[in-house]
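**Q** No sequence on hand, only this structure:
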C-alpha cells in the first residue's frame, strides 16, 4: 500500500518538477522581451511566490498557522543590508547569511511556541511578530527607527535582480514540490490533520513542525533579503510590517492551502490581479483582497487550485458516467 | 517615580482593557471563535460614533444609543450566515474569515474616512478629578466604571437569566443543547452581536479618551487576546481581573524599563503567560482532582460496605 | 458540488481575465523615457493620500499641482526644441514606505516620469530618493528634515535633492521662543521613538545647558502611544513648565487632552510634527490655543508668488498648511525650472541644472549645498484661527504665555 502511495506521489513529483523546470526556462529565456516595468513587476511577483510557497509549507502542509512571516522577512532584509554595508560581499554569500539567519530565528520561534496548539500558537506568532518589530524600533545596532541603507553601487540592476528572484522562486517551488510529494509531506499532513494520532503512530509532531518551520524560515528570509535589494534601504516599520504576513496568508489561502501550485495562483490573482491593477487605489485593493479571502474561505475552501481540481474531477466524472439507457417504448 | 500614580494609572487603563477583552472572551468562550476582526469592530464603533455625532450633534456616549444597535444588527447576520457555518469546519476557516473581515473593515474605513487620526470631542474628555490627592482623568475613571459595569451586566445576564442559561448550555455542549430545544445558531449569532455591541462601547471610550485611526484595531486585538489568556474565558470576572492585571503590569513595566517598552511589555507578558499556561492548567487540574479523591474514596467505601 | 464548481469556474475566469487585461495594459505602457515629441512631460509623486500621514498628502498634491498648472498655463515646458505640457501623476502610498518604493519605480518605468517629487517625513521620502538614485531620475523633495534625509544615504545622494530645515534649526528656535516667556527654565521633553523624535530629543538635551535651561524630565514613547498619564504626572512633579514635544498627530491629541485633564499647564508648549496643521485645531478646538511649533518662516514677498500665496492662505488659512503647500509648490517649481533651463528631459542635464539653482521661491532663496537647501524657520503659535510667527521677535506676533488652551 505504502509503495503504491509512494509511487503515485513520486510520479506526480516528477511531473511537477518537470513543469517547474519548463516554467523557469521559459521565464529565463523570455527576459529580454520584457520592458523595465514588466521586469520589475515580475521580479516582485516571483519574490512573492518564494515567500508564499515558504509559508505554504508551515501553514498549509504542516497546518501551523503562523503570523510570524513578517519577522523573518524583516530579518532577511536587515541581514542583507547590514552585510552589504559591513563588507561588499558577493550576493550569494549575503543571501546565504540571510537564509541561515532565517532558519535559526524560525528554529528558536518554533522551540518556544510549538508547545502551543491551534489558536494559541497563531496568536503567539502574532505577539512574536509585533514584539520583533517593537524591538527593532529601539535597537540602536540596526539604526532603530531610522533604519539602514546599503551602498547603492552594490545594488544589482533590474535584470540581475530578476534572475535572482527567478532562482529564489524556483528553489522555493522545488522545495515545496519535493516536500509535498514525499514521505515528509505525508507526515506533515498527518500532524496537521491529527497531531495526537500522529504522535501515537510514532511520528514526532515537534520534529516535523520544526523541520517545516526551519525550511519555511530559510526560504522566507531569502525572499526578504531579495526584497531588500529592491529597496536598498530598510527601516523597521516597513521591513517588519505585519502586512507581509497578511498578504502572504491571503495569497496562500486564495491560491489553495497545502497545494503545490496554490502559491503561484494566489500570488498572480492577488498581486497581479489586484495590487498592480489598483496601484493608485491601495485601500480599494486591500478591501477587495479581504473580500476575496472571505468568499474563498466560504465557498472554495481548497482555494482556486482546490476548486479547479474539484471542477476537473466533477467534469471527468460526468464524462465517464454511463448514460442512462433510453427507455424502450 | 510615584508608585501610587503608576498603580492607579495602570488600574484605570486596565478598566479599558477589560472592556476590550470582554467581547473577545464572550465569543471565544461560547463558540471557540477567534475573532481577529474584534479590534476593527472597536474602531468601527468609534467611526460610527463620529457619523452620528456629525449628524445629530450629540455627546459621544449618547451616540451609543444608535451605534450599539447598528453594530449588533450588522454583526448578527455575519455570524448567523457566515461564521457559524465555518465553525463546523474546524479552527482555521473561521479564523481566516474573521481575518478577511478585518481587512475589509479597515480598508473600508480608510476609504471612507481617510487616514487622519480622529478623536471624539466631549467636554469631559479633558476634565480631571482629584481623588485622594491624586489627579486623575475623569474619562479614565469613567472607563473603569464602564468596564466594571459591563462585566457585572454580562455576569448577571449569563448567570441569572434564562437567556444566559441557554448561552452557557450552548457553550458547554451545543449538540445536546440543540436537542433540548435551544436554537444554537441563534444563540451564537446573538453572542456575536453582543460582542460587537461591547466593542462599540469600547470604541467610543477609546475615541474620547485617546484617538483612533483606521488601523488602530491591530493593537487592540493583541491586548484583547492577552486579557483573554490572562483572565480565562470562564467568567466575565476573570476578564475584568485579567484586564486590570494587564494594565498594571504594563504601567509598572513601562515605569521600570522606560516608556518605549510599554508595548513590548504586553507582548512579553502574552508569550510568558502562554508558555506557562500548560503548567498552570496542570497545577489547577491536579488540585481539582485531589479535591475529588476523598469523595471517590468515600463512595468506594460506602459501596463496598 | 456543481455550485462549488461553478463558483470555481467563475473565479478562475475572472482571474484569467484580470491577468489578460492587466498584461495588455502593462505591455502598452512598457517603455519609459521621454517619449515621442508632442507628448506630455510627466513628473510623478507617491504621496500619502490615506494612512497615518494622510493629512499631508493632499497638501503636497495641491502644491505640486499648482506649479504644474502654472507652467502649463504659461505655455508648457520647452524641451528638445519643442513645447510640452506637463502632467503630474500621483499615486497613493497609503503612508507605507514599501509602497513608496514600488510606486516610485512604477512612475519611472511605467508612466515614464522624467522627474520625481518627494513625500513627507524621512520614512516616506528616503525610499523615493533611493529609487531616484537607483533609476537615475532627478527628484526634489521637501517637508523632510535635512539631517535625517541625508542620513538615508551615507555615501551622498546623486539625483535626489531636498529643501527644508534641519533639526539644529528647530532646537535653536525652540529655545529662542522659550526665552520670550517667564519660565522656571525647566523643560519636559516628550519625544516619540521615530527618527525625528530621537534626533530632536538628543539635540534638545545636548543644547539645553548652553541656553540656560535644564531638562527636568524626559519621556520616550513609541508612536501610537495613547496614555500619557504617568509621564504627565512625572513632568508636573519635576516642576517643568515648558513642553518640548515630537510626536505624530494622534498621540498629540491624546497628550493635549490629558494635559488639560491632569491640570498641567506649561508656559510654552512646543509640538513638532504634531500641531503643524489645521487638523490639530480641528480635533482639539479651544485646547489647541497657544500651542507652538517651529516651522518654515512666512513665505517670501516676491510679487510673482503673490497670487499663489494668497490662494493657499485663503484655502488653508494663515496656518502652516498654507506654508507647506507653498513649500511643495517651490519644490515642483525647482524641478520644472531645471527642466526648462536644461532645455531637455535628459536626467543628467536636469540634475546639473537643479544643482546650479539660484532663485527665489516661496520657501526662500534656493541654492543647494551638498544636495540640500536650508530654509529659514520661525517659531509659530496658534492664536485664534491663525498660526502667528512669534520668533524671531518682531516677525509678526507676540508669544502668549502661559498656554491658553491648557489653562
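**A** That came in fine, so what should we check first? No experiment lies behind these values; they were computed from the predicted model shown. Residues are numbered from 1 along each chain as shown, chains lettered A, B, ... in the order given.
**Q** gap between residue B:183 and chain C?
**A** Using C-beta to the nearest C-beta, to the nearest Å, one gets 26 Å for the distance from residue B:183 to chain C. Where C-beta positions appear, they are placed from N, C-alpha and C, glycine not excepted.
**Q** again but with residue B:14, I slipped
**A** Residue B:14 is 11 Å from chain C, by C-beta to the nearest C-beta.
**Q** cool, residue B:96 as well?
**A** Distance, residue B:96 to chain C, using C-beta to the nearest C-beta: 16 Å.
**Q** Do I have it right that that residue meets residue A:257?
**A** No: with contact defined as C-beta atoms under 8 Å, residue B:96 does not reach residue A:257; the gap is 9.0 Å.
**Q** who's more crowded, the two?
**A** Comparing residue B:96 with residue A:257 by other C-beta atoms under 10 Å in any protein chain shown, the one with more neighbours is residue A:257, at 28 against 23.
**Q** count of residues packed around the closest residue to chain A within the stretch 201-305 of chain B?
**A** Residue nearest to chain A within the stretch 201-305 of chain B: residue B:267 (3.8 Å; C-beta to the nearest C-beta). If you count neighbours by other C-beta under 10 Å, residue B:267 ends up with 23.
**Q** And for the one 3 residues further on?
**A** Neighbouring residues of residue B:270 were enumerated by other C-beta under 10 Å; the total is 25.
**Q** Looking at the host helix or strand of it now, give me its mean pLDDT.
**A** Per DSSP states H and E: residue B:270 is located in helix B:262-304. In this model, helix B:262-304 has a mean pLDDT of 73.
**Q** okay, and for chain C, where does confidence drop off?
**A** In the prediction, chain C carries residues with pLDDT under 70 at positions C:1-38, C:275-278.
**Q** And for chain A?
**A** A:1-9, A:322-329.
**Q** list the buried ones in the helix or strand containing residue A:248?
**A** Following DSSP H and E, the helix or strand that holds residue A:248 is helix A:242-255. Counting neighbours by 16 or more other C-beta atoms under 10 Å in any protein chain shown, one finds that the buried residues in helix A:242-255 are A:242-255.
**Q** Touching, residue C:396 and residue C:387? I think so.
**A** No: using C-beta under 8 Å as the test, residue C:396 is too far from residue C:387 to be in contact (10.2 Å).
**Q** Strands of chain A, start to end?
**A** With DSSP state E as the criterion, chain A has strands at A:148-149, A:233-234.
**Q** closest one to chain C among these?
**A** Comparing those under C-beta to the nearest C-beta, the one sitting nearest is strand A:233-234, at 5.2 Å.
**Q** So which elements touch that closest one?
**A** Packing contacts for strand A:233-234, counted by 3 or more C-beta pairs under 8 Å, 6 or more residues apart in numbering or on different chains; DSSP states H and E, involve helix A:69-86, strand A:148-149, helix C:121-135.
**Q** my guess is residue A:105 meets residue A:217, correct?
**A** Yes: counting by C-beta under 8 Å, residue A:105 does reach residue A:217; the two are 6.2 Å apart.
**Q** Show the overlap between the buried residues of helix A:242-255 and what lies near chain C.
**A** Among the buried residues of helix A:242-255, proximity to chain C is found for residue A:243 (C-beta under 8 Å from any C-beta of the partner chain).
**Q** Okay then, goodbye and thanks.
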